[in-house]
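Visitor: kindly generate the corresponding structure for this input.
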Amino acid sequence: MKQAVTGTEPGGPYSPGIVAEGRFVFVSGQSAMVGRQRQVGTIADETRLTLENVGQVLDAAGATFADVVRCTVYLADVLDFDAMNAVYQEFFPEPRPSRTTVGCQLRLERKVEIDCVAVLPPA
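Guide: Predicted structure coming up:
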């Protein structure tokens, strides 16, 4: 069983998030977007807005950053890692989720994209 979650406006044929089996929240890759408008800024600015967007999807699903168990961070430039990481750590309380960071080419000249998986607490 799965249920779509809103929170941000998707830029394509996908859901911003999915709750599966009533507990698992899968957040699609989020980036520095407001609606469908890309916001240009430093890597710190774009990471902050990206994580705010992740937070909107988590909130719409009834989750918080404390419920996140897994993240993937995609960086257009791996040299931005330290600046991204400084902002990232502000959002996730201990124990922080497991994470993989990947250097790759992103669409629309984005600097960062982040997806995650959260587990909702028992009802």
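Visitor: right, and the helix or strand after the lowest-mean-pLDDT helix or strand in the chain?
Guide: The helix or strand of the chain with the lowest confidence, counting by mean pLDDT, DSSP states H and E, is strand 37-38 at a mean of 90. Next along the chain after strand 37-38, taking DSSP states H and E as the criterion, comes helix 43-61.
Visitor: and that following helix, what does it pack against?
Guide: Applying 3 or more Cβ pairs under 8 Å, 6 or more residues apart in numbering; DSSP states H and E, one finds that helix 43-61 contacts strand 2-5, strand 17-20, strand 24-30, strand 33-34, helix 81-91, strand 112-119. C-beta: built from backbone N, CA, C; applies to glycine.
Visitor: got the ones you listed as a markdown table, with mean neighbour count, distance to Pro97 and mean pLDDT columns?
Guide: Converted to a markdown table, the helices and strands packed on helix 43-61 look like this (neighbours: other Cβ atoms under 10 Å; distance: least, Cβ to Cβ, whole Å; pLDDT from 0 to 100):
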| stretch | mean neighbour count | distance to Pro97 | mean pLDDT |
| --- | --- | --- | --- |
| strand 2-5 | 15 | 18 | 92 |
| strand 17-20 | 19 | 15 | 93 |
| strand 24-30 | 22 | 11 | 97 |
| strand 33-34 | 16 | 22 | 93 |
| helix 81-91 | 15 | 10 | 98 |
| strand 112-119 | 22 | 7 | 98 |
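Visitor: nearest to Glu46, out of these?
Guide: Glu46 lies closest to strand 112-119 among the helices and strands packed on helix 43-61, at 5.3 Å (Cβ to Cβ).
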